[in-house]
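J.: here you go, sequence then predicted model.
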Amino acid sequence: MLKLRERLGALPREARDTLFLLAVIAWVILPHVQHLPWWCSLLVAGVLAWRGLLAVRGRPLPGRAWLVLLLLGTLAGTWASHRTLVGRDAGVTLIVSLLALKTLELRAKRDAFVVFFLGFFTMLTNFFFSQSLPVAAAMLLGLLGLLTALVNAHLPVGRPPLAQAARTAGWMTLLGAPIMAVLFVLFPRFAPLWGIPADAMSGRSGLSAQMQVGNVADLALDDSIAFRVRFQGPPPPQSDLYFRGPVLGDFDGREWRPLLARLALRFPPPRFVDPQLAVLGAPVNYEVTLEPSNRPWLLTLDATASAPQLPGMAVAMTSDLQWVASGPIVDRVRYRASSHVAFRSGPLRRAQVLPEYTQLPPGYNPRTIALAARLQREHPGAGPADLVQAALQLLRTGGYSYTLSPGVYGANTADEFWFDRKEGFCEHIASAFAVLMRALDIPARVVTGYQGGQPNSVDGYWVVRQSDAHAWTEVWLEGRGWVRVDPTAAVAPGRTGSFQRLVAPQGVLGTAMQNVSPGLWVALRSGWEAMNNGWNQWVLNYTQSRQLDMLRNLGFQSPDWEDLAHVLLAVVVLVSLAGALWTWWDRRQHDPWLRLLARARRRLREAGLDVGRTAPPRAIADRVRGRFGGDGHAAAHWLLKLEAQRYARAPATTLAALRREFHQIAWPRR
């Protein structure tokens with residue numbers, strides 16, 4: 001490391017500054033690698049390495065023919081990868097490639113400024129893909145690097161250290177931070193910060209519009225956060241935390257889908273049957289921060305009678321109690337809801353129940369149908385509720401188990417679960433149970449969503465992860481309507497409790513820390529997630545509604561965006577006046593070095609030596625020695641150090657040290 005620093009220190013200033021700029025550019029481009037075509041990443045790495053080698057060896061830059069050839073190759077590659085030269089993905093590919101290619105014609109200061117501004121723009125494009133706290137921190141570091149290089153380019157004389165330019169860039173950033181904060185808080189906005197079009201999100205969720213049973217041999221848990229919940233008051237027991245998603249009532253033997261799936265895509269959704277929801281007991285009030293999923297589903301606790309308060313979007317409830325928005329959720333959204341964990345829904349008479357909830361595809365699962373007949377024989381005269389309990393008892397005592405690696409099922413998934421494998425995860429169990437219920441002529445459907453969650457002790461939010469995705473069953477009973485039955489709880493009670501939650505693999509570092517200190521790992525993870533949640537709540541979700549709420553707190557009765565613009569204009573005028581006053585005051589002040597020299601002149605004048613107002617420190621030192629002899633030696637030496645501090649290539653003393661020494665030395669007396 002020491003030899004490397006010595007070699008870098010021996011390079012000419014131009015080569016050193018070029019290598020620093022290339023390192024900053026590489027840092028700004030690095031988060032884009034996962035979004036760029038493979039050839040673009042190789043091109044950028046090769047061009048930056050080539051430019052760095054030319055700088056170190058002092059070789060001339062490539063000619064225009066090379067640049068034209070690389071530019072044409074970049075355009076051809078972008079068209080081949082994206083089939084267009086416009087749009088977000090193609091535009092980012094082009095801007096990253098052009099930034100790298102521009103370094104190959106970095107000949108004059110004008111070229112350097114073009115590179116700087118391309119770097120600033122490339123830095124902003126990272127937020128097209130992610131607005132997370134780590135990306136923001138990385139881009140803040142990139143901003144400081146680009147500002148350091150920009151300041152360094154304005155220091156043409158000598159070989160100023162990069163640390164000096166970095167300090168100046170840091171002060172520039174600190175001085176600009178208040179202006180940035182004011183603009184962030186007051187600048188009128190019409191969408192969430194960094195709002196991006198729908199094509200920016202590829203759908204990634206623990207839920208799907210349909211459920212295929214038996215096609216997944218091993219279920220890999222996704223530990224990413226699906227949404228966060230903040231309860232207003234004590235939360236319900238974890239076993240009651242069922243967040244409702246798509247409801248599936250159409251089964252073709254392998255796949256469960258919503259009834260009349262094509263019509264269900266309409267908004268507002270058609271009400272095939274009145275849900276006839278009746279809520280019981282006290283409501284549970286809470287606020288949900290939902291991560292982007294590219295789906296229209298709003299996750300709410302079972303059951304939510306009133307519409308969730310989602311600013312900027314219309315919401316509606318389907319006939320099976322699922323709440324959906326008027327468009328896909330492509331940004332992080334926050335909404336409030338009020339739910340009742342005790343409720344009754346659905347018709348009370350069998351004639352009002354859709355017959356599709358009892359239909360089974362012909363030719364599938366014959367042994368499950370035979371099992372239904374056997375249960376009816378073993379329980380003569382039993383009603384539907386008793387048959388449901390008999391099926392649950394079979395799950396508890398029949399040797400069935402919960403596993404994430406059940407293997408691939410065949411065509412008769414229910415038969416294989418009940419008689420052959422006797423193991424599966426929640427999809428297998430819920431599907432097999434619903435098939436058995438329909439074979440017993442009991443209306444049944446599968447409900448997907450999330451179950452449970454984990455409280456964060458730092459900020460008080462409940463965190464629901466993709467690994468908490470769950471499937472359960474609802475059966476219809478005479479006089480009671482639709483009743484939730486979770487067959488997974490009969491097989492593995494801890495899955496819906498608070499002691500045996502599913503945990504995704506934590507990686508090498510997480511596993512090692514858990515083995516060394518589980519409590520420390522939990523505390524670090526909770527702290528990080530709370531910090532990330534604070535970033536989401538106060539920065540990414542700072543919308544116009546929150547701006548208007550701020551104006552209401554300031555005394556505005558019915559604020560709108562015009563009031564917001566007036567407040568911003570008033571703040572800008574006040575800040576401008578304050579800046580003008582500070583500039584006027586600063587101009588009346590002298591250079592601190594000159595002020596210190598003036599104090600030395602006053603001391604000497606008090607001692608009887610008037611040196612005038614234009615004499616430099618060295619001339620003053622000579623006159624002090626001639627007038628006071630040995631009594632003026634300390635003062636003359638201090639004056640020479642003051643001169644060196646101003647004009648030496650590498651001053652040995654700082655101005656602050658000289659200011660302290662001014663009071664300590666023995667100045668000559670009259």
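T.: On my side now, so go ahead.
J.: ok, longest helix in the chain?
T.: For the chain, the helix that runs over the most residues, judged by DSSP state H, is helix 561-587.
J.: check the offset of whichever helix or strand comes after that one from the chain's centre.
T.: Downstream of helix 561-587, the first helix or strand assigned by DSSP states H and E is helix 592-606. For helix 592-606, the distance from its own C-alpha centre to the chain's C-alpha centre is 56 Å (C-alpha atoms, centre = their mean, to the nearest Å).
J.: also stretch 66-84?
T.: With C-alpha atoms, centre = their mean, you get 32 Å for stretch 66-84.
J.: do stretch 224-239 as well
T.: 20 Å.
J.: how far does it stretch from one end to the other?
T.: 21 Å (C-alpha to C-alpha, to the nearest Å).
J.: what mean pLDDT does that stretch get?
T.: Summarised as a single mean, pLDDT over stretch 224-239 is 89.
J.: for the helix or strand hosting A390, which positions count as buried?
T.: Assigned by DSSP H and E, A390 belongs to helix 384-397. Buried residues in helix 384-397, counting neighbours by 16 or more other C-beta atoms under 10 Å, are found at 384, 387-388, 391-392, 394-395. No exception for glycine: its C-beta is placed from N, CA and C like everyone else's.
J.: repeat that for stretch 402-420.
T.: Residues of stretch 402-420 classed as buried: 402-403, 406, 409, 412-418 (neighbour count, 16+ other C-beta under 10 Å).
J.: could I get those residues as a markdown table with distance to W323 and secondary structure?
T.: A markdown table is the format used below for the buried residues of stretch 402-420 (distance: C-beta to C-beta, whole Å; DSSP: H, G, I helix; E, B strand; the rest coil):
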| residue | distance to W323 | secondary structure |
| --- | --- | --- |
| Y402 | 29 | strand |
| T403 | 32 | coil |
| P406 | 32 | coil |
| Y409 | 32 | coil |
| N412 | 35 | coil |
| T413 | 30 | helix |
| A414 | 30 | helix |
| D415 | 35 | helix |
| E416 | 35 | helix |
| F417 | 31 | helix |
| W418 | 34 | helix |
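J.: pLDDT and distance to F121 for those residues - can I get that in TSV?
T.: Output for these, formatted as TSV (pLDDT from 0 to 100; distance: C-beta to C-beta, whole Å):
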residue	pLDDT	distance to F121
Y402	88	51
T403	83	51
P406	80	50
Y409	84	52
N412	89	58
T413	89	53
A414	91	57
D415	92	60
E416	91	56
F417	91	56
W418	92	61
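J.: now, the most widely separated pair of those?
T.: Pairwise distances across the buried residues of stretch 402-420 peak at 20.7 Å for Y402 and N412 (criterion: C-beta to C-beta).
J.: quick one: contacts for G73?
T.: Neighbour list for G73: L43 [criterion: C-beta atoms under 8 Å, 6 or more residues apart in numbering].
J.: check which helix or strand it maps to.
T.: G73 belongs to helix 64-82, assigned by DSSP H and E.
J.: and the next helix or strand past that helix?
T.: Remark: after helix 64-82, the chain's next helix or strand is helix 88-102, criterion DSSP H and E.
J.: contact partners of that following helix?
T.: For helix 88-102, the external contacting residues (C-beta under 8 Å, 6+ apart) are 25, 29, 32, 35-37, 40, 43-44, 47-48, 67, 70-71, 74-75, 77-78, 81-82, 84-85, 111, 114-115, 118-119, 121-122, 125, 128, 196-197, 199-200.
J.: what subset of those residues is buried?
T.: Counted by 16+ other C-beta under 10 Å, the contacts of helix 88-102 give 25, 29, 32, 35-37, 40, 43-44, 47-48, 70, 74, 77-78, 81-82, 114-115, 118-119, 122, 125, 128, 196, 200 as buried.
J.: check the secondary structure at P559 for me.
T.: At P559 the chain is in coil, as set by DSSP: H, G, I helix; E, B strand; the rest coil.
J.: if I look at it, how far off is L186?
T.: P559 is 12 Å from L186, where distance means C-beta to C-beta, to the nearest Å.
J.: ditto for L394
T.: Using C-beta to C-beta, L394 is found at 64 Å from L186.
J.: need the contact list for E291.
T.: Contacts of E291 (C-beta under 8 Å, 6+ apart): 224-227, 332.
J.: possible to save those residues as CSV with secondary structure, neighbour count and distance to E606?
T.: CSV is the format used below for the contacts of E291 (DSSP: H, G, I helix; E, B strand; the rest coil; neighbours: other C-beta atoms under 10 Å; distance: C-beta to C-beta, whole Å):
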residue, secondary structure, neighbour count, distance to E606
S224, coil, 13, 74
I225, strand, 19, 72
A226, strand, 23, 77
F227, strand, 25, 75
R332, coil, 19, 69
